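Q: Show me the folded form of this:
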Amino acid sequence: MKENRREMNERAFTGLEAAIVLIAFIVVAAVFSYVMLGAGFFTTQKSQETVYSAIGQAATNMEVSGPIILMTDNSGTITNATFTLILAAGGSPVDMNKVTYTVMTRQGIFELADSASDVTRSWYNAGDENNLLERGEILTVKIEGASHIGTINANEPFSIEVKPSTGAALPIARTAPLSLTKNSVYQVY
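A: As a prediction, this is how the structure comes out:
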């Protein structure tokens, strides 16, 4: 009879051990799944931030409003190009002090910093003096100089690219008028 009791006690003890091991497995599995879910949420959040950052970098924050105006001198050579920039819908403000301009013609590629003497800016609707192109503001940019603008010839394509420090560049591609006359103003769309 003593042996019978002992067998019952050992069976109960074995069942208790099995329950403890099962509970330990469940606790370990719960902790592991919590860690995995946390890592998944963290990875998803970082991926989302990367996507939004990439969209912000790829989107152009500015757009051209109206035509490019070309002016010729008394020899019929283009002396300046003027265009108007506004902030694109949903775009973030652009620091115009850090913008560069690239003039591309068949004769060459010419880079100009915004601080170059050949670049003149005129602000409209600007409520502050922070040099940021913001919503509601209008900026007229005039690029002068025979060494780069003067290389635009009649009936030839040219491009002016506006490159902000962040975000995508704004390409402005046009074709010059069929013929150029002395002391004239041309609107190019």
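Q: Please make it C-alpha for all contacts and neighbour counts, starting now.
A: Will do.
Q: Strand partners (parallel or antiparallel) of the top strand by length along the chain?
A: Longest strand in the chain, counting residues (DSSP state E): strand 78-87. Taking DSSP bridges as the criterion, strand 78-87 forms sheet pairs with strand 62-64 (antiparallel), strand 68-72 (antiparallel), strand 138-144 (antiparallel).
Q: Domain parsing of the protein, as residue ranges.
A: According to automatic domain parsing, the chain comprises the domains 1-58, 62-188.
Q: most packed of the ones you listed?
A: Highest mean neighbour count among those (mean count of other Cα atoms under 10 Å): domain 62-188, with a mean of 17.
Q: End to end on that domain, go ahead and measure it.
A: The first residue of domain 62-188 is 19 Å away from its last residue (Cα to Cα, to the nearest Å).
Q: Please apply the same query to stretch 83-91.
A: By Cα to Cα, one end of stretch 83-91 lies 19 Å from the other end.
Q: Stretch 161-168 too?
A: Terminal-residue distance, stretch 161-168 (Cα to Cα): 10 Å.
Q: Repeat that for stretch 121-133.
A: 11 Å.
Q: quick one: the strands in the protein?
A: For the chain, the strands defined by DSSP E cover 62-64, 68-72, 78-87, 94-95, 100-105, 108-113, 119-124, 132-133, 138-144, 157-163, 170-175, 185-188.
Q: Out of these, which gets nearest to residue 50?
A: Nearest of the strands of the chain to residue 50, taken as Cα to Cα: strand 94-95 at 20.8 Å.
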